[in-house]
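> task: produce atomic coordinates for the following.
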Amino acid sequence: MESNKKEELLNPLIDSLEVNIKGLIILSDNEKDISRADVIRKLENSKEEEVREFLNLIKEERKGTDVNILLATLGEFLLSSFLFVMGILFVIPTFFGGNASGYLLNYYGNALHSISETSGLPSLTIVINFLVAVVLLLASFNTLKTARMNIRFLFR
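Below is the predicted model of the structure:
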């Protein structure tokens, strides 16, 4: 019974707060003159003690995660570097010589010659290797994007 009473008291206030927060975020996203940092700064400088207390409550929850976010960001940079290097290593044969596609065919064809004598397999392998390289490079750039967003979150 007591839990239901808490829910009845909190739900309308939380719903109203969620709508107001959503409105502030939408406004800061749509208006070039208003950034999220401006919204946070306004709330931090509020004359209302309860508003500042609420922000401090949220910040206290976040403080413990700053170190975790920093470590995750460093890990993402390392992962991105690894993925980038692996992607380049898969693509690098195409950068050699005048006939890049011929060199690529010979490069991967010779490696697979001992596995199979069929002529279609080396061509398929070349395509698969190129696709793997593209996926690795895209994953690298996506990981960098995630790391950038984490850095922005830490230093806002």
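> next secondary structure element downstream of the lowest-mean-pLDDT helix or strand in the chain?
Lowest on mean pLDDT, DSSP states H and E among the helices and strands of the chain sits helix 100-113, with a mean of 62. Next helix or strand after helix 100-113 toward the C-terminus (DSSP states H and E): helix 120-154.
> how about K47, secondary structure?
coil (DSSP: H, G, I helix; E, B strand; the rest coil).
> so how far is R152 from it?
Noted for K47: a distance of 29 Å to R152, by Cβ to Cβ, to the nearest Å. For glycine as for every other residue, the C-beta is placed from the backbone atoms N, C-alpha and C.
> wait, what's in contact with L74?
Contacts of L74 were listed using Cβ atoms under 8 Å, 6 or more residues apart in numbering, and none were found.
> where's it, which helix or strand?
helix 49-91.
> quick one, that helix and helix 120-154 angle?
Orientation of helix 49-91 against helix 120-154 (axes from the mean of the first three to the mean of the last three Cα atoms, to 10 degrees) gives an angle of 160 degrees.
> for helix 49-91, what is the distance to the chain centroid?
9 Å (Cα atoms, centre = their mean, to the nearest Å).
> now swap in stretch 4-21 and tell me
31 Å.
> name the residues of it that are buried.
For stretch 4-21, a neighbour-count test (16 or more other Cβ atoms under 10 Å) marks nothing as buried.
> and stretch 69-88, by the same measure?
Quick answer for stretch 69-88 (16+ other Cβ under 10 Å): 73, 76-77, 79-80, 83-84, 86-87.
> from memory A139 sits against S81, does it?
No. Between A139 and S81 there is no contact under Cβ atoms under 8 Å: 11.9 Å.
> the closest residue to T73 other than its chain neighbours: how many residues sit nearby?
The shortest distance from T73 to any non-neighbouring residue, by Cβ to Cβ, 6 or more residues apart in numbering, is to N150 (4.4 Å). Using other Cβ atoms under 10 Å, N150 has 17 other residues around it.
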